[in-house]
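J.: got a sequence here, can you model it:
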Amino acid sequence: MKINNNTMVTIGIGIGLAASLFACTPKKSSNSGGAAISKNAAEKVYVAPGKHDEFYAFLSGGFSGQLAVYGLPSGRLLRVIPVYSVNPENGYGFTEETKKMLNTSHGFVPWDDSHHPQLSLTDGKVDGRYAYINANNTPRIAKIDLKTFKTTEIIEVPNSGGNHGSPYLTENTEYLIASTRFSIPLPNKDVALDKMKEEVKGTISFIKFGKDEKMEVAFQLLVPGIDYDLASCGKGMSHGYCFLTSYNSEKASTLIEINASKNDKDLLAIVNWKKAEECVAAGKAKTVDGRHVHNELNESTHTVTSATIDKVKMLDVRDCEGALYYAPVAKSPHGADVDPSGQYIIAGGKLAAQITAYDFNKIVKAIQDKKFTGDYDGVKVLDYESVLAGEVKKPCLGPLHTEFDGKGNAYTSCFVSSEVVKWKLGTWEVVDRMPTYYSLGHIMIPGSGSKQPWGKYLLAMNKITKDRYLPVGPELPQSAQLIDISGEKMEMLLDFPTVGEPHYAVALEANLIKDKVKKIYTLEENKHPFVAKSEKEARVVREGNVVHVYGTAIRSHFMPDNIEGIKVGDTVYFHITNLEQDWDIAHGFSIIGANTSELLLMPGETNTFKWEPSKPGVYPFYCTDFCSALHQEMQGYIRVSAGGSSTPLKFNQGK
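T.: Alright, predicted model coming up:
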């Protein structure tokens with residue numbers, strides 16, 4: 001089926017322009033109107049000193065490349081987890097151990113645009129083992145271990161022009177799926193941009209999460225070259241399927257906001273991944289070029305290893321009947337969301353002011369009954385009315401993302417009209433609305449993507465904060481607003497500024513993980529090749545013009561803390577082990593004149609600081625993390641002599 005143009009094109013473009021203008025002109029808040037503030041809001045969000053929050057919330061850092069952890073309901077920032085950007089606070093991406101975590105097929109890439117955190121699932125329920133987050137710019141997926149709150153694995157996604165619709169999990173974390181945002185020629189090659197329409201292809205990648213809990217690209221689906229967006233995989237009755245919205249069915253490559261808004265509807269992609277598995281097992285996939293890098297932290301050696309993979313399996317959906325279908329969807333959608341039962345698939349059309357609900361049972365029947373209205377690039381398109389469960393008519397302007405409370409209610413964010421709309425699954429009636437400030441993007445209900453949401457709070461993530469906080473220059477912080485959804489009516493409780501640009505968030509009940517969090521690295525289990533497990537093992541070893549310092553740190557001194565015989569032209573590696581075995585007793589390490597960041601060492605951990613002295617002198621080093629009453633005295637000296645000098649190598653062990 002060719003998706004036809006119609007007379008609504010001009011209206012659609014007008015809506016888009018109006019949306020842009022509206023978004024740039026936020027409403028002014030006032031004491032007499034706006035959000036319904038709970039009368040006991042302060043009491044509801046107050047977490048007394050020494051008490052813990054109910055939930056961990058993980059918010060993407062957007063252009064910061066990181067993942068931020070907040071406590072809810074307090075809004076306290078608990079940690080920023082470095083993922084795709086180097087972080088001088090703890091040496092991530094600077095130390096010799098962690099540099100390789102940022103390796104890609106394009107080389108060392110120390111930044112990315114992190115968008116969509118997700119939580120590992122077992123039987124469709126949040127299990128508290130891992131968080132995952134995508135990199136949009138240089139396509140990657142990262143795994144964060146929720147015992148250590150560290151990034152422990154990053155895999156690059158090959159044959160992708162942008163990893164936006166990622167990473168969405170199947171019911172038992174069998175797969176993480178990743179779709180390409182920008183379809184490109186495959187294999188990628190030099191193509192005249194006015195010929196792109198004929199050349200572009202898309203991919204949907206299935207990243208396997210095996211029994212050893214390591215990620216690998218199991219296979220990729222070669223699909224029509226449109227732009228794919230956010231997804232949600234089935235659960236319960238719809239397990240075995242994933243659902244993605246797409247846009248730009250026109251395959252426009254210039255002035256996208258106009259030229260990708262000409263068709264009356266866009267396309268919902270319905271992927272039967274179990275059928276795709278069968279076709280791959282039957283040998284229908286081809287082995288193709290797919291150079292990508294897989295980086296993994298060994299928690300025994302505290303060191304990242306990096307491997308390059310050259311080939312992947314790619315299955316053309318035209319060679320696997322039943323692996324992919326399309327259904328028409330309201331214009332300019334931004335993701336599909338599956339309700340906790342697995343029956344309803346929800347998509348909002350930002351330019352259509354409509355929320356559409358599809359019924360999984362009707363989708364299966366329409367496929368069985370061959371209720372098709374044609375095809376798009378060889379993929380059959382299902383009849384819209386045959387798969388429709390219902391429509392939420394004119395709910396708001398710019399409906400974008402839907403979450404569920406597990407009590408039969410759905411909540412949709414509305415970017416243009418800056419509000420959250422609450423509506424009923426099954427009746428499709430709007431029952432409440434809450435203004436937000438301003439230009440609301442994604443929303444989050446803890447556990448909403450699972451079979452069992454915690455339907456107590458909703459977090460709204462806003463793009464504009466004019467007049468909400470003290471001004472800090474031309475760029476203002478973005479914000480999150482906490483809304484109580486435990487009652488019939490939504491009530492605003494709190495807003496707080498956020499790290500970076502939070503696109504998306506997930507949350508889980510704190511009790512799932514707080515007692516499992518690692519407190520120390522046991523020295524006996526430290527297998528780092530340069531570990532010194534006691535001060536007696538501290539030493540300095542020269543190998544030509546490379547010097548290895550096997551150092552230790554403990555309250556309140558380094559060992560060795562005096563080193564002589566280093567020469568200009570040497571490369572010095574300080575391998576420092578924190579000998580502490582007490583929770584939260586970290587030590588730092590840095591040297592004056594170093595061109596890298598500090599080290600930050602957790603108890604029992606070994607990390608490496610690379611230093612290349614450029615001129616003779618005496619150079620102090622010191623602990624950068626306040627660790628004890630004698631922290632200021634935790635320092636040492638390195639004597640650097642001219643290159644070729646005969647200064648002997650000497651170091652002390654406290655004698």
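
J.: and Ala178, how many neighbours?
T.: Look at Ala178: counted by other Cβ atoms under 10 Å, it has 29 neighbours. Using the backbone N, CA and C atoms, a C-beta is placed for each residue, glycine as well.

J.: and it, that one's in a helix?
T.: No: counting by DSSP: H, G, I helix; E, B strand; the rest coil, Ala178 falls outside a helix, being strand.

J.: wait, doesn't it sit right on Ile204?
T.: Yes: the criterion here is Cβ atoms under 8 Å, and Ala178 meets it with Ile204 at 7.3 Å.

J.: in what helix or strand does Val69 lie?
T.: In the assignment (DSSP states H and E), Val69 maps to strand 67-72.

J.: neighbouring contacts of that strand?
T.: Strand 67-72 is contacted by residues 47, 52-61, 76-81, 83, 114, 117, 131, 133, 144, 149, 446, 457, 459, 480, 482, 496, 498-500, 502, 507, 510 when judged by Cβ atoms under 8 Å, 6 or more residues apart in numbering.

J.: now list the buried members of the residues you listed.
T.: When neighbours are counted using 16 or more other Cβ atoms under 10 Å, these contain these buried positions: 53-61, 80-81, 83, 114, 117, 131, 133, 144, 149, 446, 457, 459, 480, 482, 496, 498-500, 502, 507, 510.

J.: which of those fall in strands?
T.: Under the assignment DSSP state E, the buried ones among the contacts of strand 67-72 contribute 55-60, 80-81, 131, 133, 144, 457, 459, 480, 482, 496, 507 to strands.

J.: and the helices in the stretch 101-250 of the chain?
T.: All helices of the stretch 101-250 of the chain, identified by DSSP state H, counting those that start in this stretch, fall at 196-199.

J.: again with the chain
T.: Under the criterion DSSP state H, helices of the chain are mapped to 9-23, 41-45, 196-199, 256-259, 273-281, 360-368, 384-387.

J.: now for those helices, which one comes closest to Phe404?
T.: For the helices of the chain, the distance to Phe404 is smallest for helix 360-368, at 14.7 Å, taking Cβ to Cβ.

J.: okay, the closest residue to Val540 other than its chain neighbours and Ser534: tell me how far apart.
T.: Closest residue to Val540 in three dimensions, ignoring its sequence neighbours and counting by Cβ to Cβ, 6 or more residues apart in numbering: Phe651, at 4.4 Å. Look at Phe651 and Ser534: by Cβ to Cβ, to the nearest Å, they are 15 Å apart.

J.: next: Gly449.
T.: Gly449 sits 47 Å away from Ser534, taking Cβ to Cβ as the criterion.

J.: now His503
T.: Using Cβ to Cβ, one obtains 47 Å as the distance from His503 to Ser534.

J.: more neighbours: these two, which one.
T.: A direct count of neighbours by other Cβ under 10 Å for His503 and Ser534 places His503 higher, at 26 against 12.

J.: do you know the pLDDT at the residue nearest to that one when sequence neighbours are not counted?
T.: Taking Cβ to Cβ, 6+ apart, and ignoring the residues beside it in sequence, His503 has His115 as its nearest neighbour in space, at 4.5 Å. Among the per-residue scores, His115 shows a pLDDT of 95.

J.: thought His115 was touching Ser60?
T.: Yes: if you go by Cβ under 8 Å, His115 and Ser60 touch, sitting 5.3 Å apart.

J.: overlap in contacts, these two.
T.: Taking Cβ under 8 Å, 6+ apart as the contact rule, His115 and Ser60 both touch 133, 503-504.

J.: redo the residues you listed as TSV? Include pLDDT and distance to Ser614.
T.: As requested, those are arranged in TSV below (pLDDT from 0 to 100; distance: Cβ to Cβ, whole Å):
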residue	pLDDT	distance to Ser614
Ile133	98	38
His503	90	42
Tyr504	96	45
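
J.: out of the residues you listed, who's nearest Glu391?
T.: Nearest to Glu391 among the shared contacts of His115 and Ser60, counting by Cβ to Cβ, is Tyr504 at 25.0 Å.

J.: near the closest one, how many other residues are there?
T.: When neighbours are defined as other Cβ under 10 Å, Tyr504 has 23 of them.

J.: what's the answer for Val379, then?
T.: Residues near Val379, counting by other Cβ under 10 Å, number 18.

J.: and what of Lys615?
T.: The local packing of Lys615 (other Cβ under 10 Å) involves 9 other residues.

J.: give the rounded mean pLDDT of stretch 619-637.
T.: For stretch 619-637, mean pLDDT is 95.

J.: over to stretch 403-414?
T.: Stretch 403-414 shows an average pLDDT of 97 in the prediction.

J.: gap between that stretch and the chain center?
T.: Mean-position distance between stretch 403-414 and its chain equals 22 Å (Cα atoms, centre = their mean, to the nearest Å).

J.: repeat that for stretch 196-203.
T.: The chain centroid and the centroid of stretch 196-203 are separated by 26 Å, computed with Cα atoms, centre = their mean.

J.: so for stretch 528-547, what gets flagged as buried?
T.: With burial defined by 16+ other Cβ under 10 Å, the residues of stretch 528-547 counted as buried are 528, 530-533, 535, 538, 540, 547.

J.: oops, could you answer that again for stretch 84-91 instead?
T.: 84-87, 90-91.

J.: just the closest of the residues you listed to Val392, please.
T.: Here the nearest of the buried residues of stretch 84-91 to Val392, counting by Cβ to Cβ, is Tyr84; it sits at 35.9 Å.

J.: that closest one touches Ser114, doesn't it?
T.: Yes: with contact defined as Cβ under 8 Å, Tyr84 reaches Ser114; the gap is 5.6 Å.

J.: mutual contacts of those two, please.
T.: Residues touching both Tyr84 and Ser114 (Cβ under 8 Å, 6+ apart): 65-66, 135.

J.: by neighbours, which of those residues wins?
T.: Top of the shared contacts of Tyr84 and Ser114 by neighbour number is Ala135, holding 28 neighbours under the definition other Cβ under 10 Å.

J.: and the closest residue to it other than its chain neighbours, what's its pLDDT?
T.: Among residues not flanking Ala135 along the chain, Asp112 sits closest, at 3.8 Å (Cβ to Cβ, 6+ apart). For Asp112, the pLDDT comes out at 97.

J.: residue contacts, Asp112?
T.: Remark: with contacts taken as Cβ under 8 Å, 6+ apart, Asp112 is in contact with 65, 83-85, 135-138, 140.

J.: what ranges do the strands span in the stretch 201-350 of the chain?
T.: Using DSSP state E, counting those that start in this stretch, the strands found in the stretch 201-350 of the chain span residues 215-224, 227-233, 241-247, 266-272, 286-298, 303-316, 324-329, 333-338, 344-349.

J.: export those strands to TSV and append columns for mean pLDDT.
T.: Formatted as TSV, these follow (pLDDT from 0 to 100):
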stretch	mean pLDDT
strand 215-224	97
strand 227-233	95
strand 241-247	95
strand 266-272	96
strand 286-298	97
strand 303-316	98
strand 324-329	97
strand 333-338	94
strand 344-349	94
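
J.: Gly636 is nearest to which of those?
T.: Taking the strands of the stretch 201-350 of the chain one by one with Cβ to Cβ, strand 303-316 is closest: 24.6 Å.

J.: the closest one pairs with which strands, and in what direction?
T.: According to DSSP bridges, strand 303-316 has the following sheet partners: strand 215-224 (parallel), strand 286-298 (antiparallel).

J.: in a markdown table: the strands of the stretch 201-350 of the chain, plus mean neighbour count and distance to Glu419.
T.: Output for the strands of the stretch 201-350 of the chain, formatted as a markdown table (neighbours: other Cβ atoms under 10 Å; distance: least, Cβ to Cβ, whole Å):
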| stretch | mean neighbour count | distance to Glu419 |
| --- | --- | --- |
| strand 215-224 | 23 | 34 |
| strand 227-233 | 26 | 20 |
| strand 241-247 | 26 | 21 |
| strand 266-272 | 26 | 23 |
| strand 286-298 | 17 | 41 |
| strand 303-316 | 17 | 42 |
| strand 324-329 | 25 | 22 |
| strand 333-338 | 25 | 16 |
| strand 344-349 | 26 | 13 |
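
J.: perfect, I'm done here.
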